[in-house]
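Asks: The following block contains a protein sequence and its predicted model.
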Amino acid sequence: MFIDPDGFLCDRGYDLGVVIRGWHDVLLASDDSVARLRAYVNRLAVATGVDDQATWEWGFVERVSTGLYLHWKGHEREGRSYLDSGEALLA
């Protein structure tokens, strides 16, 4: 089991936002990326009691910041997939 030695106290939606930051290929291949991810976020909200909008917003922040970080570290293709899927969610 991985345990973060530098853990921090944060909004519960943040942790779920990390969970939804991926899935680039699925979202980019979907006819409606927003609806597809919203459905999953809503399922998470029901299962956890965490506000769906908080999870959605943290997920978007995580998606874009991860894309920028990867691009900055020289992983342009992988970073681009995060950024492209983030852009698809703005539609």
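Replies: That came in fine, so what should we check first?
Asks: Every contact and neighbour count from this point should use C-alpha atoms.
Replies: Noted.
Asks: contacting residues around the residue positioned nearest the centre of the chain?
Replies: With distances taken as CA atoms, centre = their mean, Arg21 lies nearest the centre of the chain, 1.9 Å away. Residues counted as contacts of Arg21 (CA atoms under 8 Å, 6 or more residues apart in numbering) are 59-60, 62-63, 82.
Asks: Output these in CSV, with distance to Arg38 and secondary structure appended to each entry.
Replies: Listed next are the contacts of Arg21 as CSV, based on distance: CA to CA, whole Å; DSSP: H, G, I helix; E, B strand; the rest coil:
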residue, distance to Arg38, secondary structure
Gly59, 11, helix
Phe60, 12, helix
Glu62, 16, helix
Arg63, 15, helix
Tyr82, 17, helix
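Asks: Just the element for the residue nearest to the centre of the chain, please.
Replies: Per DSSP states H and E: Arg21 is located in neither a helix nor a strand.
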